[in-house]
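K.L.:
Would you be able to build a 3D model of this:
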Amino acid sequence: MKTFNRPVRVLVAKVGLDGHDRGAKVIATSLRDAGMEVIYTGLRQTPEMVVHAALQEDVDAIGISILSGAHMTVFPKIIQLMKEMDLGDVLLTGGGIIPERDQKTLNEMGVGKLFAPGTPTKEITEYIKNWALKNRNF
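P.N.:
Predicted structure coming up:
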């Protein structure tokens, strides 16, 4: 069975004017508690800032927390930038208030699983760990 030779590295970000970061901080702490290295970018990031940080930090996954309703703008822009910067092997996941029909559309664009408020943190950490084991080179 494949195992990790290093911690999984995850960038957690809040994009746009959404100023509610409690959930993002809870997720970041849960990922750290599960043994991952977490880079939290803070509030009011642009998609460009997020993708540049992901490239600089050599992350395995990017987690976007979004409650503002801008998910159909933010996620496609980040996917586009990730492709331009050759980050196709990095997981883009996230959570927040995202209707199911939009989740399906985003998944079809290449976004990973999206999590609703109240999802157990263990489910999120297991998803990221399992994805990294299958898709990243450790």
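K.L.:
Going along the chain, name the strands of this structure.
P.N.:
Using DSSP state E, the strands of the chain run over 9-14, 37-40, 61-66, 91-96, 114-115.
K.L.:
quick one: low-confidence ranges for the chain?
P.N.:
Low-confidence segments of the chain, defined by pLDDT under 70: 1-2.
K.L.:
which stretches of it form helices?
P.N.:
If DSSP state H is used as the criterion, the helices of the chain fall at 22-33, 47-57, 71-84, 100-109, 121-135.
K.L.:
wait, L114 sits on N107?
P.N.:
Yes: in this structure, L114 is within contact of N107 by C-beta atoms under 8 Å, at 7.4 Å. Quick note: C-beta positions are derived from backbone N, CA and C, even for glycine.
K.L.:
Comparing the two, which residue is more hemmed in?
P.N.:
Neighbour totals were compared for L114 and N107, and L114 leads with 22 against 13 (other C-beta atoms under 10 Å).
K.L.:
so what's that one up against?
P.N.:
Taking C-beta atoms under 8 Å, 6 or more residues apart in numbering, we find L114 in contact with T93, G94, G95, G96, I98, Q103, L106, N107.
K.L.:
Can you name the two of those that sit furthest apart?
P.N.:
With distance counted by C-beta to C-beta, no two of these lie farther apart than G96 and N107, which are 14.9 Å apart.
K.L.:
Run through the residues that contact E57.
P.N.:
Contacts of E57 by C-beta under 8 Å, 6+ apart are R9, L11, I39.
K.L.:
May I see the buried residues of stretch 27-42?
P.N.:
I27, A28, S30, L31, R32, A34, M36, V38, I39, Y40, T41 (16 or more other C-beta atoms under 10 Å).
K.L.:
out of the contacts of L114, which one sits closest to I78?
P.N.:
Distances from I78 to the contacts of L114, taken as C-beta to C-beta, are shortest for G94 (9.2 Å).
K.L.:
Please report how far the nearest residue to that closest one once chain neighbours are set aside lies from V50.
P.N.:
By the measure of C-beta to C-beta, 6 or more residues apart in numbering, the closest residue to G94 outside its immediate chain neighbours is I64, 3.6 Å from it. Taken as C-beta to C-beta, to the nearest Å, the spacing of I64 relative to V50 amounts to 7 Å.
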